[in-house]
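Student: The sequence isn't on hand, but the structure is:
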């Protein structure tokens, strides 16, 4: 969009500069408001995918220089001929409407009314964009939730790695506008995140205002540059603190605001012969802002707690006293109601059991020969030290009878067999086993003999 300086708003002559600026603006607004698209497709990039805005940008980039070149000559026949040669790019209705704009602008007397209509149409278009945003509120609410969860997860992982982190949460005091100077078909823009479709505050702006607050000396009303280099860094040194993008906690409300120049004739009079008076026509310039009480969060990361607290202190001071974004000198971008949300490290991952540990846990839960055999099959030679630290007879219902299954295990390494043999031998009462053998029950003595043989190998 070609900017229109205030000095040209009260044109008294049809010079080429005035003509080309107003002409380009009117062509853009025709394509925007008159030739609208009935079905607007909106997704996460709603503000970029809006077909009406996209069409303006596409046509403007393709034709703005050529349109201006032909229009400046004020030669209607030559201009109409050139437009007709562009019939593949411009429809007949476009050509007729652009010629109509040409005729209106070439009449010098139309300039004041044209400027007034431009302001009205711009306000209408901003209202339409605000309504489109409101229609996407349910989808944007999901984007808000997912974005905040993602940031909290990354911060928790950094906390786990030893960093100190916090979320500074606060509310917009009156209004917030960031990116008002970004290129936009309507000249005055509002910065939206291209991944979520949400208005946001870039980290570079956040770090900038925090740095200014840190360097400003209230006693001298002067800025002491490079005062907190450990936090913010310099051209040759990386700062220790990370300031992330600021995002809304919920879907924020948008509203239409205006800047109104009441004395444009006075300000545009180069010769200085016009005095300001209340009968001058005002020049309202509309733009979209984030409304008051919209809540934002600001992640901050530092290597230690002291540095983090100092950085948060500077950020609070900047947001509360200086503001952030455009028009902060007149009260925009101020915040209030500060609070910090604690970020805790993520819970430890559930312990992953090895096949040996799983089998041992199963044996402790259900003590039977099948689980004991499964446990034996998982053991390897490197499990020697672990097995020595275990006492199978501490398991409820585990008894000497399991020795039979042990003696059948042929694949068990000899070192492990000896450990098992020693535990089973320690639980056999030899005198009682001999008495039972005298009565014909020789099981324990036979087990003892086999176990001693393994232990002595």
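Tutor: All right, it came through fine. Quantities reported herein were computed from a predicted structural model and do not represent experimental measurements. Residues are numbered from 1 along each chain as shown.

Student: Return the distance of residue 435 relative to residue 445.
Tutor: For residue 435, the distance to residue 445 equals 10 Å [C-beta to C-beta, to the nearest Å]. Heads up, the C-betas are built off the backbone N, CA and C, glycines and all.

Student: Please identify which of the two sits among more neighbours.
Tutor: residue 445 (15 against 11; other C-beta atoms under 10 Å).

Student: How about residues contacting the helix or strand harbouring the more buried one?
Tutor: Element membership of residue 445, judged by DSSP states H and E, is helix 443-456. Under the contact criterion C-beta atoms under 8 Å, 6 or more residues apart in numbering, helix 443-456 has outside partners 400, 403-404, 407, 414, 417-418, 421-422, 424-425, 428, 430, 432-434, 436-437.

Student: hang on, residue 337 is in a strand, isn't it?
Tutor: Yes - checked against DSSP: H, G, I helix; E, B strand; the rest coil, residue 337 lies within a strand.

Student: Give me the nearest residue to it, chain neighbours excluded.
Tutor: Spatial nearest neighbour of residue 337, excluding adjacent residues (C-beta to C-beta, 6 or more residues apart in numbering): residue 171 at 4.6 Å.

Student: by contact count, what packs against the host helix or strand of the one you found?
Tutor: Element membership of residue 171, judged by DSSP H and E, is strand 164-172. Contacting strand 164-172 under the criterion 3 or more C-beta pairs under 8 Å, 6 or more residues apart in numbering; DSSP states H and E are the following elements: helix 137-160, strand 295-302, helix 305-317, strand 335-341.

Student: so after it, what's the next helix or strand?
Tutor: Heading C-terminal from strand 164-172, the first helix or strand you meet, by DSSP H and E, is strand 175-176.

Student: so where do the helices sit in the stretch 151-300 of the chain?
Tutor: Using DSSP state H, counting those that start in this stretch, the helices of the stretch 151-300 of the chain run over 203-215, 229-232, 264-268.

Student: Name the stretch from these that approaches residue 348 most closely.
Tutor: Among the helices of the stretch 151-300 of the chain, helix 203-215 comes nearest to residue 348, with 30.7 Å by C-beta to C-beta.

Student: Other residues contacting that closest one?
Tutor: Residues outside helix 203-215 that contact it (C-beta under 8 Å, 6+ apart) are 178, 223-228, 231-232, 243-246, 298, 311, 314-315, 317-319, 321-325.

Student: one more time with 7 Å, if that's ok
Tutor: For helix 203-215, contacts defined as C-beta atoms under 7 Å, 6 or more residues apart in numbering pick out 178, 223-225, 227-228, 231-232, 243-246, 298, 311, 314-315, 317-318, 322, 324-325.

Student: Let's test this: name the helix or strand in the chain with the lowest mean pLDDT.
Tutor: helix 46-49 (a mean of 44; mean pLDDT, DSSP states H and E).

Student: quick revisit: kindly reformat the helices and strands packed on strand 164-172 as JSON lines containing mean pLDDT and distance to residue 97.
Tutor: Shown next, in JSON lines, are the helices and strands packed on strand 164-172 (pLDDT from 0 to 100; distance: least, C-beta to C-beta, whole Å):
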{"stretch": "helix 137-160", "mean pLDDT": "90", "distance to residue 97": "34"}
{"stretch": "strand 295-302", "mean pLDDT": "95", "distance to residue 97": "42"}
{"stretch": "helix 305-317", "mean pLDDT": "94", "distance to residue 97": "50"}
{"stretch": "strand 335-341", "mean pLDDT": "94", "distance to residue 97": "45"}
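
Student: which of these is buried the deepest?
Tutor: Among the helices and strands packed on strand 164-172, strand 295-302 has the highest mean neighbour count (mean count of other C-beta atoms under 10 Å), at a mean of 22.

Student: Now do that strand: which elements does it pack against?
Tutor: With contacts taken as 3 or more C-beta pairs under 7 Å, 6 or more residues apart in numbering; DSSP states H and E, strand 295-302 sits against helix 137-160, strand 164-172, strand 247-248, helix 305-317.

Student: mind putting these in JSON lines, distance to residue 123 included?
Tutor: Listed next are the helices and strands packed on strand 295-302 as JSON lines, based on distance: least, C-beta to C-beta, whole Å:
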{"stretch": "helix 137-160", "distance to residue 123": "22"}
{"stretch": "strand 164-172", "distance to residue 123": "22"}
{"stretch": "strand 247-248", "distance to residue 123": "24"}
{"stretch": "helix 305-317", "distance to residue 123": "35"}
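
Student: The ones you listed: which one's closest to residue 348?
Tutor: The closest of the helices and strands packed on strand 295-302 to residue 348 is helix 137-160. By C-beta to C-beta, the value is 9.3 Å.

Student: Need the residues that contact the closest one.
Tutor: By C-beta under 7 Å, 6+ apart, helix 137-160 touches 44, 165, 196-198, 247-251, 297, 299, 301, 343-346.

Student: switch to 6 Å and redo it
Tutor: Outside helix 137-160, the residues that touch it by C-beta atoms under 6 Å, 6 or more residues apart in numbering are 165, 196, 197, 198, 247, 250, 251, 299, 301, 343, 345, 346.

Student: where does the stretch 1-150 of the chain have low pLDDT?
Tutor: In the predicted model, the stretch 1-150 of the chain carries pLDDT under 70 at residues 1-76, 78-79, 82, 86-90, 101-121.

Student: Could you break this protein into its assigned domains?
Tutor: Domains of the chain are assigned by automatic domain parsing as 6-135, 143-341, 355-456.

Student: which stretch among the helices and strands packed on strand 164-172 comes nearest residue 350?
Tutor: helix 137-160 (15.8 Å).

Student: quick one, the closest one and strand 164-172 angle?
Tutor: If you take axes from the mean of the first three to the mean of the last three C-alpha atoms, to 10 degrees, helix 137-160 sits at 150 degrees to strand 164-172.

Student: can you give me the offset of helix 137-160 from its chain's centre?
Tutor: Its chain's average C-alpha position is 7 Å from that of helix 137-160, according to C-alpha atoms, centre = their mean, to the nearest Å.
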